[in-house]
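>>> can't give you the sequence, but here's the structure:
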């Protein structure tokens, strides 16, 4: 059973940085594509960033390009979202997601992912 646990959320001032981590247990981590999504009350969960199983391909939402970086360490079974120059509109619950894929694809839709973490709150004050 694959389990995902996010950590690293918190309160930060606009312009600051946070580093989110997703620890994955169970399964073969190197055979999973990973992604980060976020959600605010009353809104749909939206795509933030994705990475393929090897870490060689990434994709980002336009709203975070140039500010956020997704990476992974297959030996440590973790996926990381480094968030810089944070803005108040980045405030949300951030979720880590995984789907089996050994072919190097990145996946961008919420419906592409079947395994989710519990979420971690990120709050950016102005």
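That came through, no problem. In this text, all values refer to a predicted model and were calculated from it rather than measured experimentally.
>>> so how many other residues sit close to the nearest residue to residue 27 once chain neighbours are set aside?
Nearest-residue entry for residue 27: residue 2, 4.2 Å, with adjacent residues in sequence omitted and distances by Cβ to Cβ, 6 or more residues apart in numbering. All C-beta spots, glycine's among them, are computed from the backbone N, C-alpha and C. Residues contacting residue 2 under the criterion other Cβ atoms under 10 Å number 15.
>>> so what's residue 2 scoring on pLDDT?
At residue 2, the pLDDT value in this model is 92.
>>> ok now do it, which residues does it touch?
Residues touching residue 2, when contacts are defined by Cβ atoms under 8 Å, 6 or more residues apart in numbering, comprise 24-27, 32, 98, 115.
>>> and it, how close does it get to residue 88?
33 Å (Cβ to Cβ, to the nearest Å).
>>> just residue 76 next, same as before
Shown here: residue 76 relative to residue 88, a distance of 32 Å by Cβ to Cβ.
>>> could you do residue 37 as well?
Going from residue 37 to residue 88 by Cβ to Cβ gives 19 Å.
>>> one step back: any chance of JSON lines for the contacts of residue 2, columns secondary structure?
Compiled in JSON lines, these are given as follows (DSSP: H, G, I helix; E, B strand; the rest coil):
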{"residue": "24", "secondary structure": "strand"}
{"residue": "25", "secondary structure": "strand"}
{"residue": "26", "secondary structure": "coil"}
{"residue": "27", "secondary structure": "coil"}
{"residue": "32", "secondary structure": "strand"}
{"residue": "98", "secondary structure": "strand"}
{"residue": "115", "secondary structure": "strand"}
